[in-house]
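Colleague: Build me a model from this:
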Amino acid sequence: MAGETSKLTITKSLLALKQQSGKSYSQIAEETGLTNVFIAQLFRRQAQLKPDTAAKLQAAVPNIPVELLHEMMKPPMRSYDPNLIQEPAVYSMSAIDFYCSVDKGKGVDGKDRVVITFDGKYLPYTEQKSEHMVSRLHRH
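Modeller: Below is the predicted model of the structure:
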């Protein structure tokens with residue numbers, strides 16, 4: 001529970017600093033070369049800030065203190081929400097090689113539309129045969 005409280009406190013601080021900057025996730029994304037969804041994940045401590053990108057983020061949002069940048073570089077503690085809709089195809093997409101962006105576009109009627117793009121490596125389900133286990137291959 002202490003980890004969740006700490007994460008909540010850090011997240012609130014980060015979101016307040018982002019708001020103070022007056023920049024949108026998309027603006028920060030443009031300045032850092034990241035996607036706007038990934039920027040949102042960083043500010044919510046759901047993604048890990050890489051050292052090479054920390055300088056770009058600090059340039060884009062200069063009011064982030066170094067201590068919080070270091071917190072953002074720690075692996076995030078994600079939690080599972082059983083209330084989320086469960087979809088079998090989600091488990092076949094690799095989050096290791098996955099991009100997501102939220103953009104604004106115009107519909108055929110000229111009105112503003114939201115375009116969400118999921119671009120991930122598709123991993124087919126594999127049958128887990130015991131004879132394929134490396135630990136069993138080397139047993140005699």
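Colleague: can I see the domain layout of this protein?
Modeller: Per the record, the chain has its domains at 2-72, 88-122, by automatic domain parsing.
Colleague: Adding distance to residue 134, write those out as CSV.
Modeller: The C-beta positions use only the backbone N, C-alpha and C, and glycine is treated the same way. Below are these laid out as CSV (distance: least, CB to CB, whole Å):
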stretch, distance to residue 134
domain 2-72, 29
domain 88-122, 20
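Colleague: most packed of those?
Modeller: When the domains of the chain are scored by mean count of other CB atoms under 10 Å, the highest mean neighbour count falls to domain 2-72 (a mean of 16).
Colleague: Which residues are in contact with residue 7?
Modeller: Neighbour list for residue 7: 45, 77 [criterion: CB atoms under 8 Å, 6 or more residues apart in numbering].
Colleague: Just the pLDDT at residue 6, thanks.
Modeller: Looking at residue 6, its pLDDT is 85.
Colleague: what does residue 45 give?
Modeller: So, for residue 45, pLDDT stands at 90.
Colleague: For my notes, confirm it occurs in a strand.
Modeller: No: under DSSP: H, G, I helix; E, B strand; the rest coil, residue 45 sits outside any strand and is assigned coil.
Colleague: and residue 69, what does it touch?
Modeller: So residue 69 contacts 49, 54, 57-58 (CB under 8 Å, 6+ apart).
Colleague: What mean pLDDT does stretch 64-72 get?
Modeller: Averaging pLDDT along stretch 64-72 gives 95.
Colleague: need the longest helix for the protein.
Modeller: helix 2-21 (DSSP state H).
Colleague: Closest to residue 102 out of the contacts of residue 69?
Modeller: The closest of those to residue 102 turns out to be residue 57 (CB to CB; 18.6 Å).
Colleague: so which helix or strand takes in the spatially closest residue to residue 60 that is not a sequence neighbour?
Modeller: Leaving aside its sequence neighbours, residue 60 sits nearest to residue 31 (CB to CB, 6 or more residues apart in numbering; 3.9 Å). For residue 31, the element it lies in under DSSP states H and E is helix 25-32.
Colleague: now that helix, how far from the chain's geometric center?
Modeller: 14 Å (CA atoms, centre = their mean, to the nearest Å).
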